[in-house]
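# got a predicted structure here, sequence first:
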Amino acid sequence: MKKKIQNERALAVQRYFAGESPQDICSSLGKTKPWLYKWVTRYSPNDASWLEDRSRRPLCSPSRNPDEIEEIVKLVRLSLYNRGLFCGNQAIQWEMRDMEIRPIPSLSTIGRILHRHELTNRRTGRYIPKGKKYPSLSAILPNQTHQVDLVVPCYLTGPIRFYSLHTVDAAINRCGIEPMLSRSAQSILDAVYAIWLRMGIPQNLQVDNEWSFFGSPTHPRGMGPLIRLCLHYGVNLWFIPPSEPWRNGIVEKFNDHYQQKFLDRVTMASLAQLREESLAFEFKHNSTYRYSKNNGQTPLKVFESMKTN
């Protein structure tokens with residue numbers, strides 16, 4: 001078929017240069033004059049490839065990301081992968097924000113870059129522990145185990161930089177959201193206590209190795225405000241092993257949900273609006289989102305039913 005089409009093009013050009021009228025050539029071949037002139041223009045006696053189809057891809061793409069951004073995405077993904085951390089589109093975008101790289105590609109753009117460079121392969125099998133034993137905390141009843149994580153940094157229009165502390169009840173996926181201007185230990189303490197006032201005090205609080213949770217990197221053996229708060233209220237504070245974020249998988253999954261359903265959709269320009277919208281999203285999540293672990297019920301409905309039983 002391809003050979004037939006090329007012979008047709010060669011014959012049309014040959015008849016044109018032989019002096020035959022374009023109208024007669026096009027009528028006999030069932031083609032248009034623009035088609036004929038296109039191949040007459042491309043004709044090159046010294047290049048046999050003039051008969052072949054050419055790519056219609058544009059020579060330039062103004063909306064395409066610079067090559068440097070593509071290289072940064074590849075390097076960040078490789079770095080996260082080698083450190084045993086989550087290395088999906090969202091994790092890469094957060095890492096680039098921490099590195100203060102501009103412009104920050106969208107999640108879909110990062111996905112296309114990874115696909116183009118064949119970097120979408122997933123790990124095979126289970127994650128391999130780093131040799132540190134860690135207990136499996138019970139999460140059968142509400143407020144039995146809370147998973148806590150800090151999303152850093154986020155930005156409002158302006159720009160205003162802020163942090164967001166997330167707590168998720170591992171039993172029913174009920175969440176608590178508390179935005180902060182600082183990631184200091186005292187700010188973490190205030191945010192955790194504010195969430196406890198809304199959700200209740202848990203038996204177990206599970207966090208990662210963010211320095212704000214244990215106190216200060218300059219005094220690693222000292223007890224930070226969060227540790228002292230948990231001791232005061234009889235809460236068991238658990239630190240997951242370093243570089244094993246899947247231990248806090250429930251709250252990590254919620255972080256993705258928070259980014260896609262809240263930060264990417266709600267425009268906020270002030271801290272007052274941020275706090276108001278955060279509480280509204282917290283209530284919306286707890287009262288409308290359904291989970292299979294809750295048999296299709298919302299976290300609030302499960303919480304209320306368990307309180308009355």
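That came through, no problem. Numbers count the residues shown, from 1 in each chain.
# report the contact partners of the residue lying closest to Y289 once chain neighbours are set aside.
Closest residue to Y289 apart from its sequence neighbours, by C-beta to C-beta, 6 or more residues apart in numbering: T298 at 6.3 Å. Backbone N, C-alpha and C define where each C-beta goes, glycine included. T298 sits next to N286, S287, T288, Y289, R290 when contact means C-beta atoms under 8 Å, 6 or more residues apart in numbering.
# number of nearby residues for the third one?
Around T288 there are 10 other residues, counting by other C-beta atoms under 10 Å.
# okay, it and L165: tell me how far apart.
22 Å (C-beta to C-beta, to the nearest Å).
# likewise for the last one?
When distances are taken as C-beta to C-beta, R290 and L165 turn out to be 24 Å apart.
# of the two, who's got more company?
L165 (23 against 13).
# pretty sure the more buried one sits in a strand.
Yes. Per DSSP: H, G, I helix; E, B strand; the rest coil, L165 lies within a strand segment.
# tell me which element the closest residue in space to it that isn't next to it in sequence is part of?
Nearest non-adjacent residue to L165, counting by C-beta to C-beta, 6+ apart: A191, 4.2 Å away. Using DSSP states H and E, A191 sits within helix 185-199.
# please apply the same query to K284.
helix 271-288.
# sorry, back to before: and the helix holding A191, how far out from the chain middle?
Here helix 185-199 is found 26 Å from its chain centre; the criterion is C-alpha atoms, centre = their mean, to the nearest Å.
# check stretch 21-29 too.
The answer for stretch 21-29 is 57 Å, by C-alpha atoms, centre = their mean.
# also stretch 211-229?
On C-alpha atoms, centre = their mean, the centre of stretch 211-229 falls 29 Å from that of its chain.
# quick check: mean pLDDT across it?
For stretch 211-229, mean pLDDT rounds to 79.
# end-to-end on that stretch?
16 Å (C-alpha to C-alpha, to the nearest Å).
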